[in-house]
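Colleague: Sequence unavailable; structure follows:
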DNA sequence: TAGTTTGTACAGTAAAAACTGTACGAACTG
DNA sequence: CAGTTCGTACAGTTTTTACTGTACAAACTA
């Protein structure tokens, strides 16, 4: 085996596990592989180069790159003399991590809080109307308690995401191991 | 619309959004719905009751419950007089959150670190052997630098998960909002 | 012991997601 | 202006994942 092949194989191993890891965050494996591949390139790539490298369609590259752009895991770079768009992988994984959760979690947190608040209101209405029979009334009361708990959780989660976004998290868990 | 229906509808809304939220963590929607449904029940359920409630097969309930058990999102409870297994939803979502990441992330972190360390070794070998040409050599050197960065990230991520597991995270981001 | 009931493995089917090829608008080139 | 090139929308196909029904082992019951 040539030295080049050895190097490729060593890269490949990392790309594969990183891709699996990203899959854990809801990123499709093929998108993960694309990111991994870009990560090792020291120069930005065009869609056609990616297509060539991964043996996939240009359409796939286009949509995959868009996903990665939305997650801020790649950025478009301008390169003079080329009409083609060029893309480079974001290399700071701490930042990537923070962006990922900010992007994906925050909208979900808002939605959950919204749904819960709405349902609490409706349940409180059931109680104040006093037309419901005892069984339904008790169920509503129990549900309201649960939903306040849930609300507290999502509030906490929102503050956790805040600490990611502000970088405060790195005070508690520093980037550099202190030995 | 009866009060009962109003209550069901309010529950349903929350179950649906919670389910979507769980989907974000790589949990299939139908499993999320099962969890949501269990969450609102104030008494443990059997597989047959779940099957009835969700209109799905018992096999699905069996496998879904197993997934939730692995994530520690439900627990099996013993109920005297019943031969059937009974399951109850874990209600502490802070705990659930912590368990989820501990369970899902830690193995992945180890795998990544393992793969990266192995690849670093192979790349260092390429360099020390001195048979590779200049181009390959430089590529190997660049890759090694990137991999040390990656290693630092996964180390950080491991320590983040530690802080979840130990509960230290709740010092930085307290459960109760301090007003 | 024979007869139930319960949970799950496994194979097959249905549903969803990923991927491709064609086609076309937009932006450039001469 | 006509002729290219580039990126992506969209429809169709392939692959993967989710779900079901059957069948069976284990645990119980009488």
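Modeller: Received it, and whenever you're ready, just let me know what you need. As the structure is a computational prediction, the values presented were derived from the model and not from experiment. Residues are numbered from 1 along each chain as shown, chains lettered A, B, ... in the order given.
Colleague: C-alpha from now on. contacts and neighbour counts both.
Modeller: Noted.
Colleague: wait, isn't residue A:140 in contact with residue B:7?
Modeller: Yes: at 6.8 Å, residue A:140 and residue B:7 qualify as touching, with contact defined as Cα atoms under 8 Å.
Colleague: so what sits against both of the two?
Modeller: Residues touching both residue A:140 and residue B:7 (Cα atoms under 8 Å, 6 or more residues apart in numbering or on different chains): A:123, A:126.
Colleague: give me the element the residue most central in space within chain A is part of.
Modeller: Against the mean C-alpha coordinate of chain A, by Cα atoms, centre = their mean, the closest residue is residue A:100 at 3.4 Å. Element membership of residue A:100, judged by DSSP states H and E, is helix A:93-129.
Colleague: tell me which strands and helices that helix is in contact with?
Modeller: Other helices and strands packing on helix A:93-129, by 3 or more Cα pairs under 8 Å, 6 or more residues apart in numbering or on different chains; DSSP states H and E, are helix A:134-166, helix B:3-23, helix B:134-166.
Colleague: now check stretch A:5-22, is it near chain B?
Modeller: Yes: if you take Cα under 8 Å from any Cα of the partner chain as the test, stretch A:5-22 does meet chain B, through A:6, A:7, A:10, A:11, A:13, A:14, A:17, A:18, A:21.
Colleague: Just the buried subset of these, please.
Modeller: For the residues of stretch A:5-22 next to chain B, a burial check counting by 16 or more other Cα atoms under 10 Å in any protein chain shown picks out A:6, A:7, A:10, A:11, A:13, A:14, A:17, A:18, A:21.
Colleague: So which of those residues is the closest to DNA strand C?
Modeller: Of all those, the one sitting nearest DNA strand C is residue A:21; the distance, using Cα to the nearest atom of the strand, is 14.3 Å.
Colleague: tell me the contacts of the closest one?
Modeller: B:108, B:109, B:112.
Colleague: what residues are up against residue A:16?
Modeller: Remark: with contacts taken as Cα under 8 Å, 6+ apart, residue A:16 is in contact with A:33, A:36.
Colleague: meant to ask about residue A:20, not that
Modeller: Contacts for residue A:20 (Cα under 8 Å, 6+ apart) come out as A:29, A:32.
Colleague: any idea how far chain B is from the residue lying closest to residue A:74 once chain neighbours are set aside?
Modeller: Nearest in space to residue A:74, with sequence neighbours left out and distances taken as Cα to Cα, 6 or more residues apart in numbering or on different chains, is residue A:89 at 4.3 Å. Taken as Cα to the nearest Cα, to the nearest Å, the spacing of residue A:89 relative to chain B amounts to 12 Å.
Colleague: number of nearby residues for residue A:125?
Modeller: Residue A:125 sits with 14 neighbouring residues when counted by other Cα atoms under 10 Å in any protein chain shown.
Colleague: any chance of the residues of stretch A:5-22 next to chain B in JSON lines, plus pLDDT?
Modeller: Formatted as JSON lines, the residues of stretch A:5-22 next to chain B follow (pLDDT from 0 to 100):
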{"residue": "A:6", "pLDDT": "96"}
{"residue": "A:7", "pLDDT": "96"}
{"residue": "A:10", "pLDDT": "97"}
{"residue": "A:11", "pLDDT": "97"}
{"residue": "A:13", "pLDDT": "97"}
{"residue": "A:14", "pLDDT": "98"}
{"residue": "A:17", "pLDDT": "95"}
{"residue": "A:18", "pLDDT": "96"}
{"residue": "A:21", "pLDDT": "93"}
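Colleague: Give me the contact list for stretch A:73-86.
Modeller: Contacts made with stretch A:73-86 from outside it, assessed by Cα under 8 Å, 6+ apart, are listed as A:35, A:44-47, A:65, A:68-69, A:87-90, A:96.
Colleague: and those, which of them are in strands?
Modeller: Using DSSP state E, A:87, A:88, A:89 are the members of the contacts of stretch A:73-86 that sit in strands.
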